[in-house]
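Participant: Have a look; sequence and predicted model below, questions after that.
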Amino acid sequence: MFRLKFKGPWKSFVSIMGSYSERMKYVEKRIALNMARAFLEKLKDSIPAGNEFKSYANSLKIVELKGASTPAFGIISEREKVKLQSVYEGGMVGKVVVYIYPKREDASEVVQLAASINPWPVDLVPGKLPKDDVSLVHRLVSAREVEFARKQATDFIAKNKREFAKSGITWDKKDENENDVKGMESMPDYMTLALRAEFGINMNASPHWKPSVKFVMDNAVEILDKDKKIHDALHEWLFRDHTLEQKSGYDEMTKANFVKETKTFQKALLG
């Protein structure tokens with residue numbers, strides 16, 4: 001009968017190998033999180049400056065993906081409805097168009113009428129549309145697109161003035177209609193804004209998604225070298241963070257929901 005007694009480096013080696021699986025899971029998560037953080041930082045730094053892009057940049061956030069085969073994090077745009085008053089106050093009236101959509105098939109006739117000639121310039125959106133029947137989305141576009149929408153809407157209003165009047169909607173009192181419109185809630189279309197900037201569609205090209213991906217991939221080693229905990233998890237036998245509950249501090253999202261939320265944008269981005 002014999003007994004092995006480990007000393008010096010062997011003791012550290014045995015300790016590390018005994019928890020190798022847990023340490024690697026910890027390291028995998030740290031790698032994924034560090035890459036996501038670096039990507040988001042680079043992405044936000046690359047987004048064009050200006051009031052038009054500020055809310056879009058602020059909407060971007062990291063989420064932890066649940067249900068993936070390995071630790072994973074993603075970037076999403078967390079959008080919230082805003083009152084169209086913010087468009088007026090931000091000086092964006094001449095740069096934004098609004099899309100009107102019925103919330104359901106049996107929405108009121110006036111909503112379906114208004115939705116039939118999308119998009120609308122902000123200042124000509126019909127006020128007093130039934131809130132329960134209508135959903136609005138606003139989008140940053142070029143001045144030429146706004147003028148096209150204005151001509152289209154002006155002609156449409158002239159032809160259907162009587163139909164709108166039946167629902168109490170009129171443009172005769174401009175200030176009154178404007179006040180009604182300012183109180184309406186609309187969802188910003190950040191996906192289209194991002195793609196327009198990325199590919200220079202009716203605006204100056206400002207690629208930021210693809211260059212940010214390339215930056216992170218090209219600098220992955222440097223990014224990860226800055227994380228001392230990755231080194232310690234792989235080399236220090238007294239390291240114990242992998243034994244603790246690992247919470248990233250970011251909101252969680254299922255992988256299935258993430259794919260559903262982002263697949264249209266990714267397809268358009270990657271071609």
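Facilitator: Alright, I've got the coordinates.

Participant: Just list whatever residues bridge to the residue nearest the centre of the chain.
Facilitator: In the chain, the C-alpha nearest the mean C-alpha coordinate belongs to Ser77, at 1.4 Å (Cα atoms, centre = their mean). Beta-bridge pairing for Ser77 (DSSP bridges): Leu60.

Participant: my guess is it meets Met191, correct?
Facilitator: Yes: using Cβ atoms under 8 Å, Ser77 is in contact with Met191, at 7.2 Å. (Glycine included, C-beta is placed from N, CA and C.)

Participant: got the buried residues for the longest helix seen in the chain?
Facilitator: Secondary structure assigned by DSSP state H gives helix 20-46 as the longest helix of the chain. By neighbour count with 16 or more other Cβ atoms under 10 Å, helix 20-46 contains the buried residues 23, 26-27, 29-36, 38-40, 42-43, 46.

Participant: Check the offset of that helix from the chain's centre.
Facilitator: On the basis of Cα atoms, centre = their mean, to the nearest Å, helix 20-46 sits 19 Å off its chain's mean C-alpha point.

Participant: tell me which strands and helices that helix is in contact with?
Facilitator: strand 60-66, strand 72-77, helix 209-218, helix 220-225, helix 228-235 (3 or more Cβ pairs under 8 Å, 6 or more residues apart in numbering; DSSP states H and E).

Participant: now do 6 Å
Facilitator: strand 72-77, helix 209-218, helix 220-225, helix 228-235 (3 or more Cβ pairs under 6 Å, 6 or more residues apart in numbering; DSSP states H and E).

Participant: list the buried ones in the second one?
Facilitator: If you call a residue buried by 16+ other Cβ under 10 Å, then helix 209-218 has these buried ones: Trp209, Ser212, Phe215, Val216.

Participant: The longest helix of the chain vs helix 209-218, what angle?
Facilitator: The directions of helix 20-46 and helix 209-218 differ by 140 degrees, with axes from the mean of the first three to the mean of the last three Cα atoms, to 10 degrees as the criterion.

Participant: between helix 20-46 and strand 60-66, how big is the angle?
Facilitator: Here helix 20-46 runs at an angle of 160 degrees relative to strand 60-66 (the same axes, to 10 degrees).

Participant: any idea of the mean pLDDT for helix 20-46?
Facilitator: Mean per-residue pLDDT for helix 20-46: 91.
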